[in-house]
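A.B. asks: Requesting a structural model of the entry that follows:
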Amino acid sequence: MTASISVFDPTAPDSAESQQLRRPLDGLKGKVVGFIDNVKPNFNYLVDDVAELLVTKYGAKAVMKHKKRGASIPVAEEALNNLARQCDLIVAGSGD
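C.D. replies: Have a look, this model is predicted:
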């Protein structure tokens with residue numbers, strides 16, 4: 001008697017379309033920077049300091065912040081789309 005084994009490939013298939021997920025920035029002057037706060041301890045302090053530097057030292061136009069409900073919960077799609085429409089750069093943060 002011959003036994004057979006099924007082997008599954010867990011990798012996602014390649015997309016048929018090429019997507020550019022990022023576009024290079026020529027600098028931060030006049031740009032809007034977004035931060036996604038994952039609510040881990042101390043991230044809010046870090047992002048406040050970084051935001052001040054981005055505006056005062058590097059000329060960022062503004063800094064937007066979105067606070068997630070929890071570290072293990074993905075950012076809501078609506079919030080992410082809102083940030084993407086308004087920001088030139090988005091940073092997903094982590095603290096501790």
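A.B. asks: hmm, who's touching the lengthiest helix in the chain?
C.D. replies: Secondary structure of the chain read by DSSP state H shows that its longest helix is helix 43-56. With contacts defined as CB atoms under 8 Å, 6 or more residues apart in numbering, helix 43-56 is touched by 28, 33, 35, 37, 60-63, 65, 67, 93-95. Quick note: C-beta positions are derived from backbone N, CA and C, even for glycine.
A.B. asks: among those residues, who's most crowded?
C.D. replies: Compared across these, residue 35 has the highest neighbour count, 25 neighbours, by other CB atoms under 10 Å.
A.B. asks: Any idea what that one is bridged to?
C.D. replies: residue 65, residue 91 (DSSP bridges).
A.B. asks: mean confidence score for the longest helix of the chain?
C.D. replies: Averaged across helix 43-56, the pLDDT comes to 92.
A.B. asks: Wait, a helix at residue 33?
C.D. replies: No - going by DSSP: H, G, I helix; E, B strand; the rest coil, the assignment for residue 33 is strand, not a helix.
A.B. asks: any idea of the mean pLDDT in stretch 86-96?
C.D. replies: Across stretch 86-96, the average pLDDT comes to 83.
A.B. asks: hey, C-alpha coordinates of that stretch in CSV?
C.D. replies: What follows is stretch 86-96, C-alpha atoms only, in CSV (Å, rounded to 0.1, in the frame of the first residue of the first chain):
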residue,chain,number,x,y,z
GLN,A,86,-3.5,64.0,4.8
CYS,A,87,0.1,62.9,5.4
ASP,A,88,3.2,62.8,3.3
LEU,A,89,4.8,60.2,5.6
ILE,A,90,3.3,57.9,8.3
VAL,A,91,5.3,56.3,11.1
ALA,A,92,3.9,53.3,13.0
GLY,A,93,5.2,53.6,16.5
SER,A,94,6.3,51.4,19.3
GLY,A,95,7.2,52.3,22.9
ASP,A,96,8.3,50.7,26.1
